[in-house]
Structures are given as C-alpha cells and as structure tokens.
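K.L.:
I'll drop the sequence and a predicted model, then ask my questions.
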Amino acid sequence: MAVRVLLPDLEHWKGQVKCQAGCPAATDAGRYVQLIAEGRDEEAFLVARAPNPFASVCGRVCAAPCEDACRRGSIDAPISIRALKRFVTEQYGVESRHPDTQNRLLREPILEGNRYAGHLPIQPYSPSKKSPVSPGFPGSPGRPKVAVIGAGPAGLSAAHDLALLGYNVTVFEAAGEPGGMMRFGIPEYRLPRTLIKTEIDRILSLGVTLHLGTPLTQSFGLAELRSTGFEAAFVSVGVSKGRDLQVPGVELDGVVKAVDYLLNVNRGFRMDLGRRVVVIGGGFVAFDAARTALRMGREADVDALEDSAGTPGEADARLKEAFDSARAALRGGAAEVTLVSLESFDEMPVLRTTQGHEEFEEAKKEGVVFHPRRGPHRFLGGGRLSAVELKKVTSVFDESGRFAPAYDETDLVTLEADACVLAIGQKPDLSFLKPVDGVALTPAGTIAIDKTTLATSAPGIFAGGDVAFGPRNLIEAVANGKRAARSIHEYLAREGARLESALDIEAIPSSRYRMIAGFEQLDRETPPTLDVGRRTGIAEVETGYDPAAAWRQAARCLVCHVQTIYDPERCVLCNRCVDVCPEHCLAIVPFEALDLDDATRATLAARAEADGLPLSAMVKDDDRCIRCGLCAVRCPTDAMTMERFSITERWAEPRREDGNG
C-alpha cells in the first residue's frame, strides 16, 4: 500500500501554526497563548496587540476562527484563545491599569508575533509629533491624504495602520459616534461601550482625524474627496439596512428587522416588543437580538439612581455614559423569546463555530426557546402582529451546497407573538455612489472588488468589510482594514512599498525541551459567566479567567511553532523515535512505499545515492503530533531535534516615484 506524503516547505510550516493561519488578521495566537503558559503575560499582550488595533474588543466578542482551526480541537477541544486574549488585555490593554504598555510597540522592535504587523514603525515613536515617525512618509509636510469612509472596525483598522505608515488619514462617519455595528449592533452585555470608546481614542491619538455626522452623499461623494486632495480612499460603510422578506403580513406593526432593533436599542431609543417575541434567524445577530429582548427592567430606577449622583455638572462623563448604557440595556424586555431557524442545529451558522456553541448554551440558560427547521409562512394580526405561522423546512441547501431552502407548505405551526424580529441578513446603503465615481457593484448590491487587494474598479478606491463581502464577523472586518492599508500603501508608494520577510529558526537542545507536565490531560474550561439571576442589560455576562485558570488553559497549547526536524545523515534506523511516540505519528518506511510522482522520486533517489544514504524514509503525521519531544529525547544521535520557527514581515523604508521622502 502506497504512503501518501507531502514534502514540507516554508508554506507548509506556516500552515502548521493553524490558529495563525485561521485568523484573518494573522494574529500569532499560539505564541501569545504559549507566553501566558510561561508566565510572560506582558509579552503575550504585545503579541496579541501588534497586528490588531481592536485586541481588547476581540478578547470579548471575536468569533474566534483561530479556535475552529486549533489542532488541539481535533484531539479533544480547542484552546480557549479568545478568552485568553481577554485575560492579557485586562492586564495591559486600554481597559487595564497599564494602558501605556502598548506604546512599546511604537518604541522598540517586537521580537515575537510580528508576522503581518508590518505597519509598526521601524524607528522610535516621536511624542513631539502628531503622528509617529514611520517607514512610510516621515514628518507632517506633504504626507499623502487618505480618506476612510466609515468608522467601523474595518475603517478604523485601516486608519490605524495607515497612520503608522505615515499617511494623513481622515475618517468620515455618518453616525454621531464611531464604532459602526461594533458600537450600535453588539449588545452592551457582550461589549462595554466604554471599552469601544477607549480603543477608538487610542487609534485617534495616532493623528487620525475623525468627522462625525458626515455621510457621503450625492453632493459630497468620492469625486468631491478627490478634488480636495485625497489621493486614495477606503470605503467601509457597513451594512446598516435589513433585508426584506416577501411573506404575507410582513407589513404588520410588530414585525421589525434585527438590525433596526439593535441599532435603536443601542442608540438609546425605546422599542417595546411586548411579552412574547419571536426571532427568525440562525446567526450571531439573531442570538444578539434574542438575548437583548430578554433583558428587561424599569428606566425609572435608573433615573432615580442618576438623580442621587448629583447634578450633571457633578457627575463625570464616564458615570453619565454608564447611566445611559443602563437605560439602553433595560429597554424592550420580553418574558418569552423563541428563536426560529431554517437550519437544523447541525446546520445553524452559530453552531458551526466553537464560540457559537458557547453563545448557544448561554442563550439556553437565559431562557431562549429554539424551533429549528422552520421558516415564516405568514404573519397574522389585524394591524398589529398577534401570531407567526411557520412552515416546515425540508432542506436548506441544494445538491451543490448553495442556500436554497425548500418547504413543506402543509406542515404548519402557529406561535403567538407580540413582535417578530427578522435577522435574515443586511445590505449596504450605497446611494452616495455616482456614475462618475466609476465604482462597479455586484449583482448582490455590494461593491465589486479584487478579493486579494480590495481594489475597486476605480483607481485609488478600495473597499472592504460588509460593504464588499456582505455581513461578516469582527476579526474579518479588522483584517479587511489592514489589507486595505497595505494595498493603499502599495498603490501610493509604488515600488517603494517593499515587504521584507525573515525566517528565524531556533534549535532547542533536547536536554531542555519539555512540554508542561500533564498538558495532555487538561480539559477546556468555558470562561466563567455571571449567574443567570444576576444578568441585567448592563452587566457583562462573561467575567474572564483568573490567573490560575488562564495558566491551565494556556498550558493545553500543542506549541505548533515547534517542529520535529529529522536529519537522515545522523539516523541509524534504530526505530527508537517510532517506538516512543505516544501518538503513533512517526514511521520509517521503505522508499518504494512512498506515493511520489516520477520526477520527485528520481530527484530524491539521486540525492540519497549521492549522500550514501539508505533508500528509506521517515514519515510523520503533523496533525497527530503533540510536540511532546520524546522522539528527540530518545534519539541517540540527535537525528531528531526540536526547532522553533518564527516569521516576521516588515515594510522597508519606501520612496515615492517623485523622489520625495
């Protein structure tokens, strides 16, 4: 039987750090987890923060695709990466007692976790200037102007990286506050408003200019921005309009779109949904709407509490913001909330992720009732909604895997309801675009882009986030902003925008290589949460790990940065490494047993013959390897060793085509 093999190269080793490969922003999650296990929490924070300007936010609400990719998940359960990020940001992030720790990213080279953090300055930060000295265009005079349209996570991430690359960045935001759906879509119980504000303030401190209440319109659009000196623009206006549903009765009072409901509640407007609420949808927005609807209380209690704090002049801005958050959180409470999804539990989008499973369990604890495999048939009521009639879903996807739900129209159930929240998707408002802008759209109504560079059909105009890809999670929006910053830098700096990559390999002596004792026996612990009886709209449900729990969770990491490296010239074919491997992932096999193409077989055979080596091969299953190092410890000739790989990418100092700095 032939043994299928892959000859490893650099891309293979990159891919072995699966958490980093799975993160859209390429955060070196595995390394900061390992640093926590080593007791080096401050360095862990710097690794987490280096590529991500919203590290503290992501520590609370990231969908954590890194966890879905985690190799430990194929053995028992993935590492609690997101919650461990929160653990270090609470110590050193903007919400901590040491918020200035992240300034080290501007003052000194970062030795670890710097892959895809090429926006960080090569030269030290100069506090006397409004923006950092950077590898882009040093100094204020003549810096290229870049416009960012939309102050959501994508736009602000682009602004952050562009500012550090030396650009003069101006952000235009339609709303009265920055943050986009991060601010107006994610409920307070998941993401405190003060944390968002502090994270954004740190970005603005880099010299970014923010104009609130300034939407692009037909009279003030992309063409007008060009005429005022902006050399490039990044459009990231998000998707603030809910999609329509063509079902009888959808026009009844009480049928609302989830995005409108969340936007209104989070902006402080009262929305009384009544006591019985049905939410239709299977994504994170549906869960946010359902859990928000359950949070109820009396605003009068908050009014009395604020009165006792004194006059507005005596209460500081932070306290006033807390009272406003309390009112927002107590609006629109319901006694019964039912979540209806077209998908079965196995198909539900939320339940296809590790974080989604935890969200699902918390929703169940709070009393949300689920009706899977049902879709809206019609809404009943005389002017005001009184019930939702649901039909059975026979299938959600067609044979090619496309979303194409099919129904049994004869199998109907009716749920009494005072309101129904439709979480069935959102769409962008692109009414500001004009033909002269030259920006093409897709048939779905999003901006057409090159998915690699995020360039639109118009020169110098880039787009990303929800407006280009449709609704996506927070870390994907951050990654889009960072990708746009890179593309804009490459566009404006021309050949001067050169990335320099470096691969560092550290050979670890077998005598001192050890995994943490008992690491393979540690179980995943769900981050602690408030007791259900204490969950009000203003209280964060998740409370975060204590140091002991964080260490236990970090100690579970399989240290994918470390690889077993085999030197055939030292091997004596004793088979000790194979015998000692607890996961049975090593084997020495005859060369003839390898499944290779003829050219590769001939090349390897010639190399072995030239080196006088036997025609046999060491094969390894990287997915099963737990990096215990026993093979290296047992090897009598050091033919098997443990080596740590580290990859960094930085921009070289560029020059523009005109020769100016």
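P.N.:
Done, it's in. Predicted model, so just to flag it, every value in this text is computed and none were measured. Residues are numbered from 1 along each chain as shown.

K.L.:
where in the stretch 501-650 of the chain is pLDDT low?
P.N.:
Along the stretch 501-650 of the chain, the parts satisfying pLDDT under 70 run over 537-538, 613-614.

K.L.:
may I have the phi/psi pair for the residue nearest the centre of the chain?
P.N.:
In the chain, the C-alpha nearest the mean C-alpha coordinate belongs to Ile475, at 2.0 Å (CA atoms, centre = their mean). Main-chain dihedrals, Ile475, degrees, to the nearest 10: phi -70, psi -30.

K.L.:
relative to Gly481, how far out is it?
P.N.:
Between Ile475 and Gly481 the distance is 11 Å, computed by CB to CB, to the nearest Å. No exception for glycine: its C-beta is placed from N, CA and C like everyone else's.

K.L.:
repeat for Leu120
P.N.:
Counting by CB to CB - Leu120 and Gly481 are separated by 15 Å.

K.L.:
bridging residues for Val340?
P.N.:
When bridges are called by DSSP bridges, Val340 pairs up with Ile280, His371.

K.L.:
can you report how many residues lie near it?
P.N.:
For Val340, the count of nearby residues is 26 (other CB atoms under 10 Å).

K.L.:
likewise Thr354?
P.N.:
24.

K.L.:
neighbour count: Leu120 and Gly481, which is higher?
P.N.:
Gly481 (31 against 22).

K.L.:
helix or strand for the residue nearest to the more buried one when sequence neighbours are not counted, which one?
P.N.:
In this structure, Gly481 finds its nearest non-sequential neighbour in Ser157, 2.9 Å apart by CB to CB, 6 or more residues apart in numbering. According to DSSP states H and E, Ser157 maps onto helix 153-164.

K.L.:
try Cys571
P.N.:
Under DSSP H and E, no helix or strand contains Cys571.

K.L.:
pretty sure it is in contact with Ala639, am I right?
P.N.:
Yes - counting by CB atoms under 8 Å, Ala639 is a contact partner of Cys571 at 4.1 Å.

K.L.:
each with direction, which strands does the helix or strand hosting His377 pair with?
P.N.:
Per DSSP H and E: His377 is located in strand 374-381. In the sheet, strand 374-381 lines up against strand 385-397 (antiparallel) (DSSP bridges).

K.L.:
moving C-terminal from the strand it pairs with, which element do we reach first?
P.N.:
Later in the chain than strand 385-397, the nearest helix or strand by DSSP H and E is strand 403-416.

K.L.:
buried residues, that next one. List them.
P.N.:
407, 415 (16 or more other CB atoms under 10 Å).

K.L.:
can I get the one helix or strand Ala606 maps to in CSV? Just the C-alpha atoms.
P.N.:
Ala606 belongs to helix 598-611 when assigned by DSSP H and E. Extracted in CSV, the C-alpha atoms of helix 598-611 (Å, rounded to 0.1, in the frame of the first residue of the first chain):
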residue,chain,number,x,y,z
ASP,A,598,8.3,10.2,-11.1
ALA,A,599,10.3,13.4,-11.1
THR,A,600,10.3,13.8,-7.3
ARG,A,601,11.1,10.1,-6.8
ALA,A,602,14.1,10.4,-9.2
THR,A,603,15.4,13.6,-7.6
LEU,A,604,15.2,12.1,-4.0
ALA,A,605,16.7,8.8,-5.1
ALA,A,606,19.6,10.6,-6.7
ARG,A,607,20.2,12.8,-3.7
ALA,A,608,20.2,9.8,-1.3
GLU,A,609,22.6,7.9,-3.6
ALA,A,610,25.0,10.9,-3.7
ASP,A,611,24.9,11.2,0.1
